[in-house]
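K.L.:
structure for the following, please:
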Amino acid sequence: MSAERTCTEYIFIKGNGVEVTERPLIVANEYNTYVFLNGSATPFITLNAGEYLALSGADFSSAGNLYVRTSKKAFAYQGIGGTSAQQNQNMHFVPPLSCETPKIINNIPFINEVGSNTDFIGTVCIVTETGASLTFIINGITYSLASLPGITVNGPLNVTGNANFVTYTFEGLTGNISVFSTKQVYLSYFGSSGAATYGGF
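P.N.:
Predicted coordinates for the structure are as follows:
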């Protein structure tokens, strides 16, 4: 992704890993880039072009999310753990908050499968605007948030430092998944099976 498509605001959602494997990563593209965490008015660090900040699970809020704002455009990535086993980790590119983001993620195929292995535990993480309504299509059937079958739902959770957004985590998904929000929505997902994992954003 080119630097022109990056921006200055990002929201991360903590996965299921231990602190050391939950690794938000901010990479500066310009000199004197200030990085602010969870709405603080005081810079956490100042980065120059090519320098990076690697955070850990300890930097997330008690709600399991992390709001990062930078004074200049920067790249954001996330190392996220599928389980407490440290080898079970994947990495996402994290898109910035933007009014151009769609309201539909259609679709994520076979979220619990990789090749012939069908026992992956599928997890979806969502950032959406406060007050948005979510609906889902799972294997061709439409569900409201309240009617999701046999899925562990964590949210909506407030984002410290940015009251315009909330986060959700949905664990135990199988098959083909589509997500619809009445407002902008950002989605990442990962699957875990023993020591194996995969992820995407």
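K.L.:
what strand or helix carries S84?
P.N.:
Using DSSP states H and E, S84 falls within no helix or strand.
K.L.:
what sits against it?
P.N.:
Neighbouring residues of S84 by C-beta atoms under 8 Å, 6 or more residues apart in numbering: N16, G17, V18. (C-beta placed from N, C-alpha, C; glycine too.)
K.L.:
please pick the buried ones from the residues you listed.
P.N.:
N16, G17 (16 or more other C-beta atoms under 10 Å).
K.L.:
nearest to Y34, of the contacts of S84?
P.N.:
Distances from the contacts of S84 to Y34 were compared by C-beta to C-beta; the smallest belongs to G17, at 27.9 Å.
K.L.:
hmm, the closest one is touching Q78, no?
P.N.:
No: G17 is beyond contact range of Q78, at 10.8 Å (criterion: C-beta atoms under 8 Å).
K.L.:
remind me, longest strand of the chain?
P.N.:
strand 65-81 (DSSP state E).
K.L.:
if we can go back for a sec, just the closest of the contacts of S84 to F120, please.
P.N.:
Closest to F120, out of all of the contacts of S84 and judged by C-beta to C-beta, is N16, at 12.9 Å.
K.L.:
please confirm that the closest one is located within a helix.
P.N.:
No: read with DSSP: H, G, I helix; E, B strand; the rest coil, N16 is coil and lies in no helix.
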